[in-house]
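Visitor: Here's my sequence, what's the structure:
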Amino acid sequence: MRWLTLRRAIFVLVGVCVLSYLGAILYLVTQETRLVFQAGRPLAESRPSFPYEQIDLPRPDRARQFAWVMKQSDPDSSPWLLFLHGNASTIASRMNILHYTELRAFGLNVIAPEYRGYAGLDGVPSESSLIADATAAYEFMRSRAHVPANRIVIYGWSLGSAAAVTLASKVPEAAVILEGAPASVVAIGQQRYPLLPVRLIMRNPFESIRRIGMIKAPLLFLHSPEDTVIPILEGRRLYDAAPEPKTFVEVRGGHIYASEVDRRTFFDAIRSFLATNHLLGDRSTATAARSR
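Guide: The predicted structure follows:
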């Protein structure tokens with residue numbers, strides 16, 4: 001009798017464990033979009049203090065997508081920077097605008113596209129949709145603004161860096177800048193949930209480490225040792241897999257605020273990188289110096 005009771009208790013315990021495990025897997029499957037993208041926020045109310053234009057990007061699938069275009073007074077003689085922001089933000093988020101302000105002060109034209117599912121745009125974000133959204137902005141520069149590839153810089157921050165790597169591996173560009181870049185989002189997920197089969201169930205793996213080797217342009221990596229969202233070891237792993245020429249710069253301030261907390265180191269690294277690759281002239285360098 002006691003043996004039957006014990007066996008029944010073991011069966012119940014095993015059943016509870018199995019159901020709990022399956023429930024955890026189901027949670028990750030159904031909540032992946034929310035956990036990875038953190039989309040759905042309305043367009044923030046912040047705006048640049050300098051002139052900008054909000055445009056609708058033409059797309060072959062006719063989905064609505066907009067972008068901010070921030071030109072120089074003589075845009076035809078200035079390089080263009082495609083800025084791909086991270087999750088839990090919009091193109092109007094304060095820290096993104098801080099980036100635009102500094103980058104534009106270098107003498108760059110800046111274009112910042114919004115992603116589907118963000119800032120009121122229809123659709124559900126995914127790895128493929130993020131890449132399509134980044135590609136639409138790139139194609140606008142090439143076909144509508146008639147910007148040659150050797151005058152285009154692709155910039156990706158956090159999740160945007162994964163889209164930047166994929167885009168840069170498929171199209172020509174002059175340079176690539178990656179801030180707080182993960183080598184593999186699915187690998188980070190597996191580390192956070194070691195007992196769950198994350199690699200088998202994740203639909204948006206964002207494995208930049210598999211594509212970084214196909215980029216032919218110079219690469220700049222910016223990462224903070226204090227980053228708790230994307231550990232710096234992830235950034236180092238991606239850097240190690242990248243081809244030359246490449247540069248890795250450590251900055252203070254964590255994942256979000258490095259460009260503000262360590263502004264001089266952060267933007268001096270970008271300015272030096274762009275100048276080394278002949279994307280900044282004396283005029284833009286002087287303008288950036290005055291902006292400080």
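
Visitor: how much space between G117 and G40?
Guide: Separation of G117 from G40 (Cβ to Cβ, to the nearest Å): 7 Å. Heads up, the C-betas are built off the backbone N, CA and C, glycines and all.

Visitor: which residue packs closest to G189, ignoring adjacent ones?
Guide: V198 (4.4 Å; Cβ to Cβ, 6 or more residues apart in numbering).

Visitor: can you check I111 too?
Guide: The nearest residue in space to I111 (Cβ to Cβ, 6+ apart) is V69, at 5.2 Å.

Visitor: part of a strand, is the one you found?
Guide: Yes: counting by DSSP: H, G, I helix; E, B strand; the rest coil, V69 falls inside a strand.

Visitor: How about the contacts made by it?
Guide: V69 makes contact with Y52, E53, Q54, I55, N109, V110, I111, according to Cβ atoms under 8 Å, 6 or more residues apart in numbering.

Visitor: circling back to that earlier point, burial check on the residue nearest to G189, number of neighbours?
Guide: 21 (other Cβ atoms under 10 Å).

Visitor: try I55
Guide: Neighbours around I55, by other Cβ under 10 Å: 16.

Visitor: where's it, which helix or strand?
Guide: strand 53-56 (DSSP states H and E).

Visitor: same question, R104
Guide: Judged by DSSP H and E, R104 forms part of helix 94-105.

Visitor: For the next helix or strand after that helix, give me every contacting residue.
Guide: Per DSSP H and E, helix 94-105 leads on to strand 109-113 as the next helix or strand towards the C-terminus. For strand 109-113, the external contacting residues (Cβ under 8 Å, 6+ apart) are 57, 65-72, 75, 78-85, 91, 96, 100, 103-104, 133-134, 136-137, 140-141.

Visitor: Determine which residue lies closest to the centroid of the protein.
Guide: Per Cα atoms, centre = their mean, the C-alpha nearest to the average position across the chain is that of G160, at 1.4 Å.

Visitor: Can you name the residues that contact that residue?
Guide: Contacts of G160 (Cβ under 8 Å, 6+ apart): F83, L84, H85, G86, L130, A134.

Visitor: Which elements pack onto the strand or helix carrying the last one?
Guide: Under the criterion of DSSP H and E, A134 resides in helix 127-139. With contacts taken as 3 or more Cβ pairs under 8 Å, 6 or more residues apart in numbering; DSSP states H and E, helix 127-139 sits against strand 80-84, strand 109-113, helix 159-168.

Visitor: and with 10 Å instead?
Guide: Under the contact criterion of 3 or more Cβ pairs under 10 Å, 6 or more residues apart in numbering; DSSP states H and E, helix 127-139 touches helix 2-37, strand 66-70, strand 80-84, strand 109-113, strand 152-157, helix 159-168.

Visitor: That one to strand 109-113, inter-axis angle?
Guide: 150 degrees (axes from the mean of the first three to the mean of the last three Cα atoms, to 10 degrees).

Visitor: Next up, the contacts around S73.
Guide: Neighbouring residues of S73 by Cβ atoms under 10 Å, 6 or more residues apart in numbering: P51.
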